[in-house]
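[1] after the sequence you'll find the predicted model.
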Amino acid sequence: MSKNDPNTLPVAVIGAGPVGLAAAVQLIQRGVPVKVYEAGAGIATNLRDWGHVRVFTPWRYCVDQTARRLLERAGWTMPEPETFPTADELVGLYLEPLAKLPELSSSIETGARVVGVSRWGADKVVSKDRQVRPFMLVVETAGGVRRDRARAVIDASGTWQTPNPLGAGGIAAEGETEFADRIAYGIPDILGHDRSLYAGRTTLVAGSGHSAANALLDLDRLASVEPGTTFLWTTRGTDLVRIFGGGDADQLPARGELGADVRELVESGRARLVPGFAAVAIRSSDGILTVEGHTKDGLHEIGPVDRIIAATGQRPDLSMTRELRLDLDPWLESVKALGPLIDPNEHSCGDVPPHGHRELSHPEPDFYTVGIKSYGRAPTFLLLTGYEQVRSVAAALAGDVAAADAVQLVLPETGVCTVPASAAGSASKGCCGGPAAVAVDACCVADAVAKAAGKGGCGCKVAA
């Protein structure tokens with residue numbers, strides 16, 4: 001056989017996070033050669049970036065079951081299933097022991113950044129013999145740049161390293177680059193490593209997801225012990241049902257508590273909320289920042305503030321796969337088949353119908369996008385989804401189509417369900433086809449927003 005024969009080559013997995021390592025485990029268990037590329041100095045670099053954050057999914061939802069069986073054969077003990085790990089604990093207690101197993105360790109290369117993927121000797125325009133050409137991966141390492149071959153590619157590189165800008169139009173706000181040293185993206189370690197940056201200062205938090213919620217609650221804790229610490233909160237939208245959550249109806253109680261705590265923060269007046277604020281510019285006067293944004297009442301200025309936390313989500317880096325034939329949702333940049341199922345404009349129940357190798361594939365044969373990158377810009381991804389995705393993909397690559405098609409996925413719902421107007425009349429089903437979630441009283445959400453704006457609410461009572 002030619003050295004370019006794809007059948008003699010390994011499957012390339014890009015990213016050694018939870019989903020990438022689970023993909024490697026599934027392939028190894030099926031006797032399929034695999035090579036895992038991790039851009040960071042160690043595995044799970046993205047998780048380490050927010051290692052101080054405690055996740056709202058208990059251990060039983062964080063561990064891939066095939067990986068668990070492999071670990072337990074080596075003497076590993078599963079942490080208490082109902083406790084909630086931090087991201088650092090996920091890495092230290094689960095992913096590092098997994099990566100050190102002899103079955104996996106020789107297949108993982110850290111400090112290896114994949115910057116381009118193509119077909120050997122053919123750009124995306126060429127169709128002739130495309131499927132029999134191996135993939136070519138351009139890999140940057142400390143020792144230089146090389147080109148590796150692979151029979152298939154699983155992209156589990158995630159989206160954490162490509163955050164959305166503060167600018168509401170998807171493009172950096174005016175001044176955002178200039179004042180980058182005073183802007184944190186994601187979830188800074190406010191109570192730990194980054195404490196001195198926020199103590200005694202005023203911070204603007206922008207965003208309406210769980211990252212924003214964690215930052216707000218940490219700032220509130222800091223304010224209770226550090227005089228002069230204040231914070232403001234802006235959201236682009238005015239419907240806060242997603243961040244306030246479903247409370248007791250959320251099937252992940254810790255996620256429900258997170259939303260309830262943020263709502264209490266607003267209702268108590270400890271956080272000043274400006275909803276419907278679309279940031280367009282950052283200005284500076286005497287070292288103090290102000291942020292300008294469009295609102296329903298016209299241009300509005302917020303400030304003065306010392307620092308900004310842009311918890312505005314992430315987007316996939318598509319530059320790496322520019323020369324591949326991908327089929328992506330036009331606005332989410334997710335795998336196209338998933339777009340209608342996860343579009344935050346349509347629903348937020350946290351559930352998604354079972355899906356596997358067929359939905360995660362592209363017109364480019366044997367290339368799959370998995371993990372949070374398969375969701376593109378959409379939120380609500382859970383590890384359980386990624387683990388089932390890679391189980392199906394690995395089975396397909398091993399030639400076990402029956403197992404690959406036997407996809408099963410049941411996710412805990414948020415207890416909040418928003419649906420298109422055309423579906424609003426269906427009271428017997430949730431937005432993803434499951435049982436109807438317990439509704440959050442719309443008055444409760446409106447009440448919190450009204451109180452935050454200094455107006456009278458509708459007297460909503462939140463259950464104790």
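    Structure's in. What do you need? Numbers count the residues shown, from 1 in each chain.
[2] report how many residues lie close to residue 146.
    Other residues near residue 146 number 11, with proximity taken as other C-beta atoms under 10 Å. Just so you know, the C-beta spots here come from the backbone N, C-alpha and C atoms, and that holds for glycine as well.
[3] residues contacting it?
    Shown in contact with residue 146 (C-beta atoms under 8 Å, 6 or more residues apart in numbering): 138, 139.
[4] now swap in residue 383 and tell me
    Counting by C-beta under 8 Å, 6+ apart, residue 383 has contacts 18, 19, 57, 61, 62, 64.
[5] what of residue 283?
    Residues near residue 283 by C-beta under 8 Å, 6+ apart: 175, 289, 290, 291, 292.
[6] Serialize those to a markdown table and add fields for neighbour count and secondary structure.
    Output for the contacts of residue 283, formatted as a markdown table (neighbours: other C-beta atoms under 10 Å; DSSP: H, G, I helix; E, B strand; the rest coil):
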| residue | neighbour count | secondary structure |
| --- | --- | --- |
| 175 | 20 | coil |
| 289 | 21 | strand |
| 290 | 16 | strand |
| 291 | 27 | strand |
| 292 | 19 | strand |
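[7] just the residues you listed now: which is nearest residue 343?
    residue 291 (28.3 Å; C-beta to C-beta).
[8] put the alpha carbons of the helix or strand where residue 146 lies into CSV.
    Here residue 146 sits within strand 144-150, counting by DSSP states H and E. Output of strand 144-150 as CSV, limited to C-alpha atoms (Å, rounded to 0.1, in the frame of the first residue of the first chain):
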residue,chain,number,x,y,z
GLY,A,144,8.8,23.8,14.1
VAL,A,145,5.9,23.1,11.7
ARG,A,146,5.2,19.7,10.3
ARG,A,147,2.5,18.0,8.2
ASP,A,148,0.9,14.8,9.5
ARG,A,149,-1.4,12.4,7.7
ALA,A,150,-4.7,11.0,9.0
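[9] my guess is residue 358 meets residue 405, correct?
    Yes: if you go by C-beta atoms under 8 Å, residue 358 and residue 405 touch, sitting 7.4 Å apart.
[10] give me the buried subset of the contacts of residue 383.
    Neighbour-count burial (16 or more other C-beta atoms under 10 Å) is assigned, among the contacts of residue 383, to 18, 19, 57, 61, 62, 64.
[11] report the separation between the first one and residue 91.
    Think residue 18. Per C-beta to C-beta, to the nearest Å, residue 18 is found 9 Å from residue 91.
[12] joint contacts of these two?
    44, 47.
[13] show me where the stretch 1-150 of the chain has its helices.
    18-29, 45-49, 59-62, 65-73, 87-90, 96-100, 102-105 (DSSP state H, counting those that start in this stretch).
[14] go through the ones you listed and pick out the most buried.
    Of all those, helix 18-29 has the most neighbours on average by mean count of other C-beta atoms under 10 Å, namely a mean of 26.
[15] can you give me the angle that helix makes with helix 65-73?
    Angle, helix 18-29 to helix 65-73, by axes from the mean of the first three to the mean of the last three C-alpha atoms, to 10 degrees: 70 degrees.
[16] for helix 18-29, packing partners?
    Counting contacts by 3 or more C-beta pairs under 8 Å, 6 or more residues apart in numbering; DSSP states H and E, helix 18-29 packs against strand 11-14, strand 34-38, helix 65-73, helix 96-100, helix 102-105, helix 383-397.
[17] tell me the one among the buried ones among the contacts of residue 383 nearest to residue 338.
    residue 19 (14.6 Å).
[18] dump the residue contacts of the residue at minimal distance from the centre of the chain.
    With distances taken as C-alpha atoms, centre = their mean, the residue of the chain nearest its centroid is residue 372 (5.2 Å). Contacts for residue 372 (C-beta under 8 Å, 6+ apart) come out as 19, 158, 159, 314, 381, 386.
[19] and which of those is nearest residue 34?
    Ranked by distance to residue 34 (C-beta to C-beta), these are led by residue 19 at 13.7 Å.
[20] can you verify my assumption that the closest one contacts residue 370?
    Yes: if you go by C-beta under 8 Å, residue 19 and residue 370 touch, sitting 5.8 Å apart.
[21] can you list residues touching both of those two?
    156, 386, 389, 390.
[22] which stretches in the stretch 301-450 of the chain count as strands?
    Under the criterion DSSP state E, counting those that start in this stretch, the stretch 301-450 of the chain contains strands at 307-310, 367-369.
[23] neighbours of residue 398, how many?
    Neighbours around residue 398, by other C-beta under 10 Å: 17.
[24] that one touches residue 30, doesn't it?
    Yes: between residue 398 and residue 30 there is a contact at 4.1 Å, judged by C-beta under 8 Å.
[25] rewinding a little: distance of the residue nearest to the centre of the chain relative to residue 153?
    Counting by C-beta to C-beta, the gap from residue 372 to residue 153 is 17 Å.
[26] check residue 27 too.
    Note on residue 27: its distance to residue 153, by C-beta to C-beta, is 12 Å.
[27] what's the answer for residue 218, then?
    38 Å.
[28] for residue 67, give me its contacts.
    With C-beta under 8 Å, 6+ apart, residue 67 has these contacts: 21, 22, 25, 98.
[29] out of these, the closest to residue 142 would be?
    Closest to residue 142, out of all of the contacts of residue 67 and judged by C-beta to C-beta, is residue 21, at 22.2 Å.
[30] nearest residue to the closest one in space, please, no chain neighbours.
    Distances taken as C-beta to C-beta, 6 or more residues apart in numbering put residue 98 closest to residue 21, at 5.7 Å, once the chain neighbours are dropped.
[31] tally of neighbours for residue 274?
    So residue 274, with other C-beta under 10 Å, has 18 neighbours.
[32] what residues are up against it?
    Here residue 274 is in contact with 232, 233, 234, 235, 295, 300, 302, 453 (C-beta under 8 Å, 6+ apart).
[33] one more: residue 104?
    Residue 104 makes contacts with 21, 24, 25, 28, 36, 98, as judged by C-beta under 8 Å, 6+ apart.
[34] the same query, at a cut-off of 10 Å, please.
    When contacts are counted by C-beta atoms under 10 Å, 6 or more residues apart in numbering, residue 104 touches 16, 21, 24, 25, 28, 34, 36, 43, 67, 70, 98.
[35] state the pLDDT value of it.
    According to the prediction, residue 104 has pLDDT 97.
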